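Peer 1: fold the following and give me the result.
(2 chains)
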Protein chains: 2
Amino acid sequence: MHSFDDYKRLTEENLNKLFNSAAKGFALNEIPELLSASMSYSLMAGGKRLRPCMLLAACEMFGGDIHGALDFARAIEMIHTYSLIHDDLPGMDNDTLRRGRPTNHVVYGEGQAILAGDGLFNYAFEIMLKASLADKKDKLPFINAMNAIARGAGVTGMIAGQCADLYAENKACDDAQLLTYIHLKKTAAMFKGAVTAGAYLGGADEKAINALAVFSDNFGQMFQVTDDILDVTADEGFGKSKGKDAEEGKLTAVSVYGLEGAKELAEKLTNQALNALADFDEKADCFRLLTRDMYSRKH
Amino acid sequence: MHSFDDYKRLTEENLNKLFNSAAKGFALNEIPELLSASMSYSLMAGGKRLRPCMLLAACEMFGGDIHGALDFARAIEMIHTYSLIHDDLPGMDNDTLRRGRPTNHVVYGEGQAILAGDGLFNYAFEIMLKASLADKKDKLPFINAMNAIARGAGVTGMIAGQCADLYAENKACDDAQLLTYIHLKKTAAMFKGAVTAGAYLGGADEKAINALAVFSDNFGQMFQVTDDILDVTADEGFGKSKGKDAEEGKLTAVSVYGLEGAKELAEKLTNQALNALADFDEKADCFRLLTRDMYSRKH
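Peer 2: Next up is the predicted model:
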């Protein structure tokens, strides 16, 4: 098994290779320079690369070859990045800063930012499909992996969560059920997509896939609850301004349960995530470690 | 062989079935009502349904079962519709009217319209992947068909064309090369995706696929050139206001070649499209008929 640092390094290296085919201006069969620049501006802005790393870890956990899964790792990071670009748009959250840098639409304009998001989204599927065609093996694991990612990102997954998030904004509601919905959909669904896609590529059976889905649901909710807590407690200076959620009237774990209640919820979700891994041996240790790291993170 | 009217009726019927699973509010594993409503508002707004019909025709041309291809037909119409929703946004073309009705963002707000587009885009892949998993046959034609559609819609296809279109706006340029690029990418690429995807599903060989790709490139350009001509010559009242392209400083066949030059170009492209079909028997007659119809259309 590789470490999460290895997965992250591999992901970064492979994301870097993505835009080699970009052409000055508009050349047939090449990605236009402007589109390529606006896509890579957000894609190469750093971040934890959690989703691709979790995909690679899940693949390797079942004996899969992580080099064969790298295109899927890139793809899920591209889908995550597209969602951030669209989420930051004036018509959505209207954010001007992300990871300490101006957001995509601030740099490239709103129209081009919409296209950069659409482009990353579509390019993700182009890359996964190309990888599926190139490999001589059975195509079923590839289709299952694409399906897992598409469902995680989709109209009953991440996009449903964004829709609920937008709906809840400034409603001054403290609906615990809606909060759970938003955390499960907006955040956990993509983690579930990443982990189960990796597991399919590694050759996992349905029982293992189901256990990892339960893990991801709890891990993802915990990740978002700690995010909500950090918005209130963290020091400024890691790219996002403190207290932004409350300012924007967002429905968060803190707005519903209070700070202490949110901390208790994060602990409960952490335990549930770890319990879901109970039937796996030490090959799941990287997920156990990650869960504890994310629970206790300070930024 | 069925007629284009049959294909259109089948497409409409199947698009209608899409949102049966929409739930009041936000229910787990269902599409949220708001998202479903905003997606179907634009998807069910009528239109020629050219792309799904061409996909079904291409499938049947090679002896494929069109009922097995219906999910792909729906998918390409959903991708086409997402592109229209995003194209109409204030940050892009800022259109308030489409097919005689207020555009998506006018009705649902900008944020929800962005999500409606993202949702249709992702849902298209979910539907194609689900169909690919459900069918017991060889998976390769399904992956090839998805790949054809993804490439048509993608960063060297439709999105590249949108990017070039946005770039060219108000530049007062009369660059014939850029115009060809925009027409090939923004318009022809999706026709090519539809036709070649249908051909893959029907079991066509590479030689036939290549001939249909040449047909689609020429058909698509002709379709856009006649669109540019109609913007100048057509009567008002079919949902789009006359002279809008010139008003917006768009690069069009008329702005580059003049009205007569554009008409000559449309004729040349029509002939090239028909020539590309020369090796096919009467099973390609529906494409021949469609080409003549689109060349001589008045709206």
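
Peer 1: which helix or strand contains A:Asn94?
Peer 2: In this structure, A:Asn94 sits in neither a helix nor a strand according to DSSP states H and E.

Peer 1: whoops, A:Gly25 was the one
Peer 2: Using DSSP H and E, A:Gly25 sits within no helix or strand.

Peer 1: any idea of the pLDDT on the nearest residue to it once chain neighbours are set aside?
Peer 2: Excluding its sequence neighbours, the residue lying closest to A:Gly25 (C-beta to C-beta, 6 or more residues apart in numbering or on different chains) is A:Glu33, at 6.1 Å. (Each C-beta comes from the backbone N, C-alpha and C, glycine too.) You'll see A:Glu33 listed with a pLDDT of 92.

Peer 1: burial measure for A:Glu33, as a count.
Peer 2: Neighbour count of A:Glu33, defined by other C-beta atoms under 10 Å in any protein chain shown: 17.

Peer 1: quick check, it in contact with A:Ala23.
Peer 2: Yes. The pair A:Glu33 and A:Ala23 passes the contact test of C-beta atoms under 8 Å, sitting 6.2 Å apart.

Peer 1: the stretch 51-200 of chain A: helices as residue ranges?
Peer 2: Remark: helices assigned in the stretch 51-200 of chain A by DSSP state H, counting those that start in this stretch are A:66-88, A:104-108, A:110-134, A:140-153, A:158-168, A:176-182, A:189-202.

Peer 1: low-confidence ranges in the stretch 101-250 of chain A?
Peer 2: For the stretch 101-250 of chain A, the stretches with pLDDT under 70 are A:170, A:172, A:235-241.

Peer 1: how about the nearest residue to the closest residue to chain B within the stretch 101-250 of chain A, chain neighbours excluded?
Peer 2: With C-beta to the nearest C-beta, the shortest gap between the stretch 101-250 of chain A and chain B falls at A:Glu110, namely 2.9 Å. Setting aside the residues directly before and after it, A:Glu110 is nearest to B:Gly91 in space (C-beta to C-beta, 6+ apart), at 2.9 Å.

Peer 1: now the one you found: phi and psi?
Peer 2: Dihedral pair for B:Gly91: phi -70, psi -10, per degrees, to the nearest 10.

Peer 1: that one contacts A:Leu115, doesn't it?
Peer 2: No. Using C-beta under 8 Å, B:Gly91 is not in contact with A:Leu115, being 9.5 Å away.

Peer 1: the two: who's more crowded?
Peer 2: When B:Gly91 and A:Leu115 are compared for neighbours, A:Leu115 comes out ahead with 29 against 21, by other C-beta under 10 Å.

Peer 1: just checking, that one touches A:Ala37?
Peer 2: No. Assessed by C-beta under 8 Å, A:Leu115 is found out of contact with A:Ala37, at 11.6 Å.

Peer 1: what's the one helix or strand A:Asp285 maps to packed up against?
Peer 2: If you go by DSSP H and E, A:Asp285 is part of helix A:285-295. Here helix A:285-295 touches helix A:4-16, helix A:50-61, helix A:206-233, helix A:253-276, going by 3 or more C-beta pairs under 8 Å, 6 or more residues apart in numbering or on different chains; DSSP states H and E.

Peer 1: still on that earlier bit, for the residue of the stretch 101-250 of chain A closest to chain B, give me its contacts.
Peer 2: By C-beta atoms under 8 Å, 6 or more residues apart in numbering or on different chains, the residues touching A:Glu110 are A:89-90, B:89-92.

Peer 1: of all those, which two lie farthest apart?
Peer 2: Using C-beta to C-beta, the two most remote members of these are A:Pro90 and B:Met92, lying 12.9 Å apart.

Peer 1: re the thing from before, just send the helices of the stretch 51-200 of chain A back as TSV, with distance to A:Ala278 too.
Peer 2: Converted to TSV, the helices of the stretch 51-200 of chain A look like this (distance: least, C-beta to C-beta, whole Å):
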stretch	distance to A:Ala278
helix A:66-88	25
helix A:104-108	42
helix A:110-134	31
helix A:140-153	22
helix A:158-168	28
helix A:176-182	23
helix A:189-202	16
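
Peer 1: let's see the pLDDT reported for the residue nearest to A:Glu110.
Peer 2: You'll see B:Gly91 listed with a pLDDT of 94.

Peer 1: what does the one 3 residues further on give?
Peer 2: In the prediction, the pLDDT value recorded for B:Asn94 is 93.

Peer 1: leaving out the residues flanking it, which one is nearest to it?
Peer 2: B:Asp88 is the one closest to B:Asn94 (C-beta to C-beta, 6+ apart), at 7.6 Å.

Peer 1: rewinding a little: tabulate the helices and strands packed on helix A:285-295 (TSV), appending distance to chain B and mean neighbour count.
Peer 2: What follows is these, written out as TSV (distance: least, C-beta to the nearest C-beta, whole Å; neighbours: other C-beta atoms under 10 Å in any protein chain shown):
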stretch	distance to chain B	mean neighbour count
helix A:4-16	15	16
helix A:50-61	16	27
helix A:206-233	10	21
helix A:253-276	15	18
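
Peer 1: ok, now which ones touch A:Ala131?
Peer 2: Applying C-beta under 8 Å, 6+ apart, we find A:Ala131 in contact with A:68, A:71-72, A:142.

Peer 1: wait, A:Val106
Peer 2: A:Val106 touches A:Thr96, counting by C-beta under 8 Å, 6+ apart.

Peer 1: quick check: the gap between it and A:Ser83.
Peer 2: Computed as C-beta to C-beta, to the nearest Å, the A:Val106 to A:Ser83 distance reads 18 Å.

Peer 1: now A:Phe223
Peer 2: Here A:Phe223 is placed at a distance of 15 Å from A:Ser83 (C-beta to C-beta).

Peer 1: just to revisit the earlier point, which one of the helices of the stretch 51-200 of chain A is the most hemmed in?
Peer 2: Compared across the helices of the stretch 51-200 of chain A, helix A:189-202 shows the largest average neighbour count, a mean of 28 (mean count of other C-beta atoms under 10 Å in any protein chain shown).

Peer 1: now do that helix: distance to the chain's middle.
Peer 2: Distance of helix A:189-202 from its chain centroid, counting by C-alpha atoms, centre = their mean, to the nearest Å, is 11 Å.

Peer 1: tell me the angle of that helix relative to helix A:158-168?
Peer 2: 170 degrees (axes from the mean of the first three to the mean of the last three C-alpha atoms, to 10 degrees).

Peer 1: would you enumerate the residues in contact with A:His183?
Peer 2: A:161, A:220-221, A:224-225, A:253.

Peer 1: and if we set it to 6 Å?
Peer 2: A:His183 is in contact with A:221, A:224, counting by C-beta atoms under 6 Å, 6 or more residues apart in numbering or on different chains.

Peer 1: which parts of the stretch 1-150 of chain A sit against chain B?
Peer 2: Contact residues, the stretch 1-150 of chain A versus chain B (C-beta under 6 Å from any C-beta of the partner chain): A:26, A:29, A:31-32, A:34-35, A:86, A:91-92, A:110-111, A:114-115, A:118-119, A:122-123, A:125-126, A:129, A:132-133, A:139, A:143, A:146-147, A:150.

Peer 1: and with 7 Å instead?
Peer 2: Proximity of the stretch 1-150 of chain A to chain B (C-beta under 7 Å from any C-beta of the partner chain) is limited to residues A:26, A:28-32, A:34-35, A:86, A:89, A:91-92, A:110-112, A:114-115, A:118-119, A:121-123, A:125-126, A:129, A:132-133, A:139-140, A:143, A:146-147, A:150.
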